[in-house]
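# Here is my input; please provide its structure:
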Amino acid sequence: MKILMIVLMVMVSGCKLGAETSEAVEAVEVVEVDSVYIVTGQSNSTRCDWSYFEGITGSTVVSIGISGSHIFGLVHYYDSEIVSGLNPAGIIFVHGETDAYEKTDLAVYIDKVESYRRIISGDASKSLPLYISSVGYSGTLLDEDFDNLRDAVVEEAKLNDSWFISFEDAKYFREWGMLGDPVHFTEEGCQLMMNGIAQSLP
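Numbering: from 1, shown residues only. Next up is the predicted model:
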């Protein structure tokens, strides 16, 4: 199952990323696949319209995210019945804002995310890859907290064969005008993220 090509074009006006930056996203050619992806995380996983992702990949999305939830909530409220009986190709994980500003211990966060992946994998009866959209920034909260959590996730992905950083550009959404409020992606931001994730899939 492969996506032949998804071209993600980011046209930058000027020499630096900033308010004048403009983006164009173009899906050029996609091979239809027959896959199920479990999408989870917090509000940017639940508010984005994943029918766009389904359209560019030919896949089916099952969403189990919880808006505003830290990682402990995702684990606690996870419903195994949603996943049982599926044959998912992977987990798409769009998460981190709440744990960043609540300053969740980073080692604990990493451990809980991996535990969450393993729980879902157990219900799917196979080890599932975790395709991660790393956390961006808030329009009102300290950048340092978001940097720390993002850096910890990126470092873990270098060590864990089941973790893949599929999209890293949410950290530019504030400058690119792709936040509709201090934390939530605009529709264009959602689609840019989905194109990046789709491009990363095997």
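# Run the chain-centre distance for the longest helix along the chain.
In the chain, assigned by DSSP state H, the helix with the most residues is helix 106-124. Centroid displacement of helix 106-124 relative to its chain, using Cα atoms, centre = their mean, to the nearest Å, is 15 Å.
# List the contacts of that helix.
With Cβ atoms under 8 Å, 6 or more residues apart in numbering as the test, helix 106-124 has contacts from 38, 40, 71-72, 74-75, 78, 80, 83-84, 86-88, 91, 93, 95, 99, 127-128, 130, 148-149, 152-153, 156, 160, 162-163. Bear in mind the C-beta positions are built from the backbone N, C-alpha and C, glycine included.
# Just the buried ones out of those residues, please.
Those of these that meet the buried threshold are 38, 40, 71, 74, 78, 83, 86, 88, 91, 93, 95, 99, 128, 130, 149, 152-153, 156, 163, by 16 or more other Cβ atoms under 10 Å.
# Packing partners of the helix or strand of the chain with the lowest mean pLDDT?
Across the helices and strands of the chain, mean pLDDT, DSSP states H and E gives its lowest value to helix 80-83, namely a mean of 91. Packing contacts for helix 80-83, counted by 3 or more Cβ pairs under 8 Å, 6 or more residues apart in numbering; DSSP states H and E, involve helix 106-124.
# which parts of the helix it packs on are buried?
For helix 106-124, using 16+ other Cβ under 10 Å, the buried residues are 106, 109-110, 112-113, 116-117, 120-121, 123-124.
# as a whole number, average confidence for the helix or strand just after the longest helix of the chain?
As assigned by DSSP states H and E, the chain's next helix or strand after helix 106-124 is strand 130-133. Averaged across strand 130-133, pLDDT comes to 98.
# just to revisit the earlier point, among the buried ones among the contacts of helix 106-124, which lie within strands?
Using DSSP state E, the subset of the buried ones among the contacts of helix 106-124 located in strands is 38, 40, 91, 93, 130, 163.
# closest to Thr57 among those residues?
Closest approach to Thr57 among these (Cβ to Cβ): Ile38, at 13.9 Å.
# Tell me which residues touch the closest one, please.
61-64, 83, 86, 88, 90-92, 120, 128.
# who's in contact with Ile82?
Ile82 neighbours (Cβ under 8 Å, 6+ apart): 62, 64.
# same thing but at 6 Å, please
Ile82 makes contact with Ile64, according to Cβ atoms under 6 Å, 6 or more residues apart in numbering.
# Distance of it relative to Trp50?
15 Å (Cβ to Cβ, to the nearest Å).
# ok, now Val153?
Using Cβ to Cβ, Val153 is found at 21 Å from Trp50.
# And the contacts of stretch 39-52?
61, 63-65, 67-69, 92-95, 184-185, 190-191, 194.
# what's the first-to-last distance across that stretch?
Stretch 39-52 stretches 13 Å from its first residue to its last (Cα to Cα, to the nearest Å).
# Quick check, Ala89 in contact with Ser59.
No. At 7.4 Å, Ala89 and Ser59 do not qualify as touching, with contact defined as Cβ atoms under 6 Å.
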